[in-house]
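Novice: task: produce atomic coordinates for the following.
(chains A, B and C)
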Amino acid sequence: MPGGDPAAHAVVLAAQLPARVRDLERARPRWVWADTAATYPALLRAGVRVERCQDLRLCHAILRHAAATAGSSLAMAPPGPWDAPAVDDADRAPTLLDDLAPAIGPDEVLTEHARQRAALAVAADPGRLRLLLAAESAGALIAAEMSHDGLPWDREIHDDLLTGLLGARPRQGARPPRLEALADQVRTLLESPALNPDSPPELLRTLRGAGLDVTSTSKWELAELDHPVIAPLLEYKRLARLLSANGWAWMDAWIHPPAAGRRGRFHPDYVPGGVVTGRWATRGGGALQLPKQVRGAVVPDPGWKLVVADAAQLEPRVLAALARDEQMARAGRGSDLYQGLVDAGVVQRRAHAKVAMLGAMYGATTGDAGQLVPRLARAYPRAIAVVDRAAQTGERGGVVSTWLGRTSPPPPEEWHAVQRRASEADADESARRRARRRARDWGRFTRNFVVQGSAAEWALCWMADLRLRLRALDDGAAHLVFFLHDEVIVHTPARLADDVAAAVREAAAGAGRLLFGDFPVDFPLDVAVVDSYAEA
DNA sequence: ACTATTGGCGCG
DNA sequence: AAAGCGCGCCAATAGT
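Specialist: Presented below is the predicted three-dimensional model:
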């Protein structure tokens, strides 16, 4: 070590860090660090992976708001550095130096770790929160690894797809030929030669000028109309969306060119815990909105396969389990819970089962869903009581928690102000109506929070278990490359594909046991071993 | 010329 | 214009 100069010292430490971590990893520790998103990418670039960690920043966020740890000193303390948002690794200098001189030093890490343990000691049932913290931390590792490894992506297939639908790639900024032809067709049919169909106000004015009774230009409303312009206009919108969201510009910005013997790569920037309910978000690239139209470009490297797996009707199954509703769990015993509802005589048709279930979980009150939910409530009173109770709590301004204890945010001060105004003696009818509407809005949020958040916990446990199984499989070559709420993609050497498919199923069963013990609920998967995401 | 908001739509 | 939750992203437009 050089003496005296701390900066030089830090550089030496930084250079040695990956080797040191690799060395210590042999003892299979649980690394406790401030922020996986800040620390792990540099290790991954150096070729070092760790098995387990505790991400203090993510865990702090959970414990800070969890109802179960509300009395802890962690929860009572004023906001501090641990409440800051994640650092964005992409914005950081590509050296290890700043990883060693973060705003949060080793003493703070040890102090925070002790504070989190103390917070857990306050909880009546700390086992669930402990599991949640472990799952959240595993998710942070997975997110960093998937971002690093990337989703295999074939630029030629993508380009062919675009050319087939839009016509040849135009010069920068111009409309591709097929899109321009559709725009012209729309202009002609509306007798408006200068119309820019990308401008909603302009389009709305023009449509109304042509005698069409519309209040917006959204496709749901347009689809109801009977007019020659509707078909080309909807087609224009569909293709314009593809071009702007996942066209050539997107490909140039987000798809890394292929290395020898490999496809290109899409490196989404996942944000674990980025959604209030605990779901992940992404930053840039729109990885969680990849349209079906372009999924054909997701193809494995030569000699490799994609194993695509999604959990069938995850949210209703999670609801059945957390409500301990054995009747509803029984309806999900097969591979299709919605068909199970038909077979149990609750509804006549599968489509009705789906509408009813979604309506119950989202809080629908009108239309088909509103009609069908009461039938569900009669058949499955325990499950429906759980979401109804969550809604009532939210309408009163309270908080609700997921199965593992992630707690919803309280309504904002402005929400309370609206409620207070409505309860004053001289409140007029419109103030009361507005307060009532806002209360119901928040109730639908808390209703859904319990289900969506608990399902996100199942998915985290599923992925964490799967990740360990993949590490143990042969040489660990098979790896997760994509995650979408209830769906994963594993990129694997072809010879391991069947083992991977089995591991994915075992991990799902494992997640169910981990969360819900002996409660007899199934989490069946649709699993496909494919040469293209579009085949799944 | 810049940033913030809106309308619209993709995903689960 | 979504009825019914949660997101992110784009182009156009409004605001400064």
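
Novice: chain neighbours aside, what residue packs nearest to A:Ala61?
Specialist: Take A:Ala61 and drop its neighbours on the chain: the residue closest to it by CB to CB, 6 or more residues apart in numbering is A:Gly273, 6.3 Å away. For the C-beta atoms, the positions are set from N, CA and C on the backbone; glycine is no exception.

Novice: what's near enough to touch that neighbour?
Specialist: By CB atoms under 8 Å, 6 or more residues apart in numbering, A:Gly273 lies in contact with A:58, A:61-62, A:136, A:139, A:280.

Novice: interface residues of the stretch 351-500 of chain A facing DNA strand C?
Specialist: Contacts of the stretch 351-500 of chain A with DNA strand C, taken as CB under 7 Å from any atom of the strand, map to A:355, A:358-359, A:362-370, A:441, A:444-445, A:448-449, A:452, A:485.

Novice: can we see that at 10 Å?
Specialist: When proximity is defined by CB under 10 Å from any atom of the strand, the stretch 351-500 of chain A lies next to DNA strand C at A:354-370, A:372-373, A:391, A:394, A:408-409, A:437, A:440-449, A:451-453, A:484-485.

Novice: how near is the residue nearest to A:Ala61 to DNA strand C?
Specialist: Remark: distance between A:Gly273 and DNA strand C (CB to the nearest atom of the strand, to the nearest Å) = 11 Å.

Novice: one more: A:Arg22?
Specialist: 33 Å.

Novice: what is the neighbour count of that residue?
Specialist: Applying other CB atoms under 10 Å, we find 15 residues neighbouring A:Arg22.

Novice: distance of it from A:Leu44?
Specialist: Using CB to CB, to the nearest Å, A:Arg22 is found at 12 Å from A:Leu44.

Novice: now A:Gln348
Specialist: Per CB to CB, A:Gln348 is found 52 Å from A:Leu44.

Novice: who has more neighbours out of those two?
Specialist: A:Leu44 (19 against 12).

Novice: my guess is the more buried one is in a strand, correct?
Specialist: No - looking at A:Leu44 with DSSP: H, G, I helix; E, B strand; the rest coil, it is helix, so not inside a strand.

Novice: who's in contact with it?
Specialist: Residues counted as contacts of A:Leu44 (CB under 8 Å, 6+ apart) are A:144-145, A:148.

Novice: now find how far off-centre the host helix or strand of A:Asp465 is within its chain.
Specialist: Assigned by DSSP states H and E, A:Asp465 falls within helix A:429-472. Its chain's C-alpha centre and that of helix A:429-472 lie 11 Å apart, by CA atoms, centre = their mean, to the nearest Å.

Novice: which parts of chain A are strands?
Specialist: With strands called from DSSP state E, chain A shows them at A:30-33, A:52-55, A:151-153, A:255-256, A:264-266, A:270-271, A:281-282, A:304-311, A:479-483, A:487-493, A:525-530.

Novice: quick one, grab the pLDDT at A:Ala84.
Specialist: You'll see A:Ala84 listed with a pLDDT of 84.

Novice: next one: A:Ala37
Specialist: pLDDT, A:Ala37: 95.

Novice: which residue packs closest to it, ignoring adjacent ones?
Specialist: A:Ala86 (4.8 Å).

Novice: report the separation between the residue nearest to A:Ala61 and A:Gly453.
Specialist: 11 Å.

Novice: can you check A:Ala68 too?
Specialist: With the distance defined as CB to CB, A:Ala68 ends up 14 Å from A:Gly453.

Novice: how about low-confidence regions in chain A?
Specialist: Applying pLDDT under 70 to chain A flags residues A:1-4, A:6-7, A:9-10, A:87-103.

Novice: burial of the closest residue to A:His267 other than its chain neighbours, as a residue count?
Specialist: In space, and not counting its chain neighbours, A:His267 is closest to A:Gly150: 4.5 Å by CB to CB, 6+ apart. Residues near A:Gly150, counting by other CB under 10 Å, number 19.

Novice: doesn't A:Arg263 make contact with A:Gly150?
Specialist: No - counting by CB atoms under 8 Å, A:Gly150 does not reach A:Arg263; the two are 9.3 Å apart.

Novice: from DNA strand B, how far out is the closest residue to A:Arg57 other than its chain neighbours?
Specialist: Excluding its sequence neighbours, the residue lying closest to A:Arg57 (CB to CB, 6+ apart) is A:Asp35, at 4.6 Å. Going from A:Asp35 to DNA strand B by CB to the nearest atom of the strand gives 25 Å.

Novice: now swap in A:Arg330 and tell me
Specialist: A:Arg330 sits 23 Å away from DNA strand B, going by CB to the nearest atom of the strand.

Novice: ok, now which ones touch the closest residue in space to A:Tyr533 that isn't next to it in sequence?
Specialist: Spatially, and ignoring its direct neighbours in sequence, A:Tyr533 is nearest to A:Val298 (3.6 Å; CB to CB, 6+ apart). Residues near A:Val298 by CB under 8 Å, 6+ apart: A:151-154, A:266, A:290, A:306, A:482, A:489, A:532-534.

Novice: out of those, which comes closest to A:Arg433?
Specialist: Lowest distance from A:Arg433 to those (CB to CB) belongs to A:Leu290, with 40.6 Å.

Novice: what are the phi and psi angles of the spatially most central residue of chain A?
Specialist: The centroid of chain A falls nearest to A:Trp280 when counting by CA atoms, centre = their mean (3.8 Å). Main-chain dihedrals, A:Trp280, degrees, to the nearest 10: phi -80, psi 150.

Novice: tell me how far it lies from DNA strand B.
Specialist: Taking CB to the nearest atom of the strand as the measure, A:Trp280 falls 11 Å from DNA strand B.

Novice: PyMOL command to pick out the buried ones of the residues of the stretch 351-500 of chain A next to DNA strand C?
Specialist: A single PyMOL command selects the buried members of those (16 or more other CB atoms under 10 Å):
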select buried, chain A and resi 354+355+356+357+359+360+361+362+363+364+369+372+373+391+394+408+440+442+443+444+445+446+447+448+449+451+452+453+484+485
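
Novice: thought A:Gly286 was touching A:Ala245?
Specialist: Yes - assessed by CB under 8 Å, A:Gly286 is found in contact with A:Ala245 at 6.4 Å.

Novice: what sits closest to A:Leu466 if chain neighbours are left out?
Specialist: Distance criterion CB to CB, 6+ apart; nearest residue to A:Leu466, sequence neighbours excluded, is A:Ala507 at 3.8 Å.

Novice: who touches the one you found in this structure?
Specialist: A:462-463, A:465-466, A:469.

Novice: let's see 6 Å
Specialist: Going by CB atoms under 6 Å, 6 or more residues apart in numbering, A:Ala507 touches A:462, A:465-466, A:469.

Novice: restricted to buried residues, select those in PyMOL.
Specialist: Selection of the buried residues among these in PyMOL, burial being defined by 16+ other CB under 10 Å:
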select buried, chain A and resi 462+465+466+469
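
Novice: format the contacts of A:Ala507 as TSV; extra columns: distance to DNA strand B.
Specialist: Shown next, in TSV, are the contacts of A:Ala507 (distance: CB to the nearest atom of the strand, whole Å):
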residue	distance to DNA strand B
A:Trp462	13
A:Asp465	19
A:Leu466	17
A:Arg469	22
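
Novice: just the contacts of A:Ala507 now: which is nearest A:Tyr40?
Specialist: A:Leu466 (18.5 Å).

Novice: from A:Phe482, how far off is the closest one?
Specialist: Counting by CB to CB, the gap from A:Leu466 to A:Phe482 is 12 Å.

Novice: how about the residues of the stretch 51-200 of chain A by DNA strand B?
Specialist: Residues of the stretch 51-200 of chain A found near DNA strand B (CB under 10 Å from any atom of the strand) are A:198-200.
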